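Chemist: 3D model of this:
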Amino acid sequence: VQLQASGGGLVQAGGSLRLSCAASGGTFSNYVMGWFRQAPGKGRIFVASISRTGGITYYSDSVRGRFTISRDNAKNTVYLQMDTLKPEDMAVYYCAAKSGSLTTVIATYNYWGQGTQVTVSS
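Modeler: Here you go, the predicted structure:
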């Protein structure tokens, strides 16, 4: 499956952005989807993930209550709504897909998009 992330940009602290990730080349509803991020000089970390049907979601502690992951299987797209953005949310955000069970473990995700930059000004 191929993944194309979009929606990043520059936003002031306290603002909102919605990231999208469009999938192609596979049966989208067969995949667990996740969002990860990588800040400058740091490793890539888990942000959120969603089950195949969208009924179960996981979030990192740092974004829970501010970010919402969702998916539209008819549109082969997963979203990340990011509200109340903070300067520490600034990073390149990646979407990823995996078969099997819903996890937060980055190493289990097989397919990756190219990343989209989110910049938060204070």
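
Chemist: what is the residue sitting nearest the centre point of the chain paired to in the beta sheet?
Modeler: With distances taken as CA atoms, centre = their mean, the residue of the chain nearest its centroid is residue 35 (2.3 Å). Beta-bridge partners recorded for residue 35 (DSSP bridges): residue 48, residue 95.

Chemist: how close does residue 35 sit to residue 122?
Modeler: Distance, residue 35 to residue 122, by CB to CB, to the nearest Å: 23 Å. Backbone N, C-alpha and C define where each C-beta goes, glycine included.

Chemist: Then residue 33?
Modeler: Distance from residue 33 to residue 122, by CB to CB: 30 Å.

Chemist: Tell me which of those two has more neighbours.
Modeler: With neighbours defined as other CB atoms under 10 Å, residue 33 and residue 122 compare such that residue 33 has more, 29 against 9.

Chemist: and the helix or strand harbouring that one, C-alpha only, in CSV?
Modeler: Following DSSP states H and E, the helix or strand that holds residue 33 is strand 32-38. The C-alpha coordinates for strand 32-38 follow below in CSV (Å, rounded to 0.1, in the frame of the first residue of the first chain):
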residue,chain,number,x,y,z
VAL,A,32,-4.4,-0.6,11.0
MET,A,33,-3.3,3.0,10.6
GLY,A,34,-1.1,5.1,12.7
TRP,A,35,0.5,8.6,13.0
PHE,A,36,4.0,9.1,14.2
ARG,A,37,6.2,12.2,14.4
GLN,A,38,9.8,13.1,14.4
